[in-house]
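J.: task: produce atomic coordinates for the following.
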Amino acid sequence: MTSPTSTKLLVIVDGPTASGKTKVGVDLAKYYKSEVISADSRQFYKELKIGTARPDSEELEGVSHHFLGHASIHDEINAGKFEKEAAAVIDQLFKKHNILFVVGGSGFYIDALLFGIDDIPPILPEVREKMIHEYEKRGLEHIQGLLKALDPKLYESIDIQNPKRIIRGLEVNYQTGKKLSDLQLNNKKAKWPYLRIGLEWDREELYARINQRVDLMMENGLKNEALGLKKHKDLNALRTVGYSELFCHFDGDYDLEKAVDLIKQNTRRYAKRQLTWLRNQTDTIWLLPTALSEMKTLIDNKL
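T.: Residues are numbered from 1 along each chain as shown. Sure, this is the predicted structure:
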């Protein structure tokens, strides 16, 4: 480890779902006696534990984590709010640490944190109603296609099983004529010196890990967790992979086996989109999750 220095460095540990980001972040934070900021928007909600694979205290191994289970499903969370709150925490933590770790998963949120995001004017009620009507009349697949055509970068970086997140991108585009992804000031200088590490996996191995993790979620009680949240299924936080499929099962749309298969399928698709987004980040250094010594060398060379 390097000797104490006045240089500050934000290390982004990024990768698709089930790639082992939590363990790598914990291992590095322990080594550097530091802390972790979670940038996985699905893990922000305290009520969603099993279905978002939120790590427990044993997995965190005593390392302080911020923005992990800190909000309620009834709270409104967006990239702009996260950027302001997380930036304030990071500035405070840099008073006692030279290195901090951001463990990702939500690319849109990470970019907002690093580079900021433009203020977006309040959406007019008639615009929001128009987008909601489009969804209710023509369905999820239709608005997914609209977003992919209008703002492909945003499409690759959000949970497209969540209609509210899609509608948000569409209504901003419709009202302002701008892409929501372009409102992130990526051409601005980053707020802090940073290093972005992407965890690399063979795709078939990653998909096998995803399938195994879904099976483990079911063994750990995902069905009961979802059943207890069914009355809140229309909330934005619950329109996401792992819960939407089970809500449809509870409504009689298909059996449990089909629901589990769909969770695996939709999670693999989500991982594929995450990888597509990450591959477009030219500042990402790709390493195997086991390459901790190489990661430490990269970090030390930045200081």
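J.: in the stretch 101-250 of the chain, mark out all the strands, start to finish.
T.: 194-199 (DSSP state E, counting those that start in this stretch).
J.: any weak-confidence spans in it?
T.: Scanning the stretch 101-250 of the chain for pLDDT under 70 picks out the ranges 184-188.
J.: which parts of it are helices?
T.: 107-115, 125-138, 140-150, 152-157, 163-176, 203-219, 222-229, 244-250 (DSSP state H, counting those that start in this stretch).
J.: contacts for stretch 121-138, please.
T.: For stretch 121-138, contacts defined as C-beta atoms under 8 Å, 6 or more residues apart in numbering pick out 142-143, 146, 163, 166-167, 170-172, 174-176. For every residue, glycine as well, the C-beta is placed using N, CA and C.
J.: so which strand or helix has the nearest residue to R196 once chain neighbours are set aside?
T.: Nearest residue to R196 in three dimensions, chain neighbours excluded: I12, at 4.3 Å (C-beta to C-beta, 6 or more residues apart in numbering). According to DSSP states H and E, I12 maps onto strand 9-14.
J.: give me the next element, helix or strand, following that strand.
T.: helix 21-31.
J.: report the buried residues of that next one.
T.: 21-29 (16 or more other C-beta atoms under 10 Å).
J.: which one of the helices of the stretch 101-250 of the chain lies nearest to R279?
T.: Of all these, helix 152-157 sits nearest to R279, with 9.6 Å by C-beta to C-beta.
J.: what residues does stretch 21-38 touch?
T.: With contact meaning C-beta under 8 Å, 6+ apart, stretch 21-38 is reached by 1, 11, 13-15, 40, 44, 55, 59-68, 86, 89-90, 93, 97, 99-105, 197, 199, 289, 292, 295-296, 299.
J.: so what's the residue most central in space within the chain closest to, chain neighbours aside?
T.: The geometric centre of the chain, computed from its C-alpha atoms, lies nearest to S106 (C-alpha atoms, centre = their mean), at 2.5 Å. Distance criterion C-beta to C-beta, 6+ apart; nearest residue to S106, sequence neighbours excluded, is S41 at 4.2 Å.
J.: surely that neighbour meets G105?
T.: Yes: assessed by C-beta atoms under 8 Å, S41 is found in contact with G105 at 7.5 Å.
J.: list the buried ones in stretch 83-95?
T.: 83, 85-87, 90, 93.
J.: same check, this time on stretch 205-221
T.: Buried residues in stretch 205-221 (16+ other C-beta under 10 Å): 206-207, 209-211, 213-214, 217-218.
J.: would you reformat the buried residues of stretch 83-95 as CSV and include distance to D234, pLDDT and secondary structure?
T.: What follows is the buried residues of stretch 83-95, written out as CSV (distance: C-beta to C-beta, whole Å; pLDDT from 0 to 100; DSSP: H, G, I helix; E, B strand; the rest coil):
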residue, distance to D234, pLDDT, secondary structure
E83, 26, 92, helix
E85, 25, 96, helix
A86, 27, 97, helix
A87, 31, 96, helix
I90, 33, 98, helix
L93, 36, 98, helix
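J.: tell me the spacing between Q43 and Y207.
T.: 21 Å (C-beta to C-beta, to the nearest Å).
J.: please disregard the earlier target; I meant G169.
T.: 27 Å.
J.: same deal with D300?
T.: 34 Å.
J.: same thing with P125?
T.: 42 Å.
J.: same thing with T7?
T.: 39 Å.
J.: and L140, by the same measure?
T.: 23 Å.
J.: spatially, which two of the contacts of stretch 121-138 are the most separated?
T.: H142 and T176 (21.6 Å).
J.: so between these two, which is more surrounded?
T.: More neighbours surround T176 than the other of H142 and T176, with 16 against 13 (other C-beta atoms under 10 Å).
J.: that one is in contact with I120, isn't it?
T.: Yes: assessed by C-beta under 8 Å, T176 is found in contact with I120 at 7.4 Å.
J.: quick revisit: buried subset of the contacts of stretch 21-38 as a ChimeraX selection?
T.: To isolate the buried members of the contacts of stretch 21-38 in ChimeraX, using 16+ other C-beta under 10 Å:
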select :11,13,14,15,40,44,55,60,63,65,66,67,68,86,90,93,97,99,100,101,102,103,104,105,197,199,289,295,296,299
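J.: any idea how many residues pack against the closest residue to D255 other than its chain neighbours?
T.: Counting by C-beta to C-beta, 6+ apart, the nearest residue to D255 once its immediate chain neighbours are dropped is H249, at 6.9 Å. Using other C-beta under 10 Å, H249 has 21 neighbouring residues.
J.: I'd say H249 and D261 touch.
T.: No: contact criterion C-beta under 8 Å: H249 and D261 do not qualify, at 10.9 Å.
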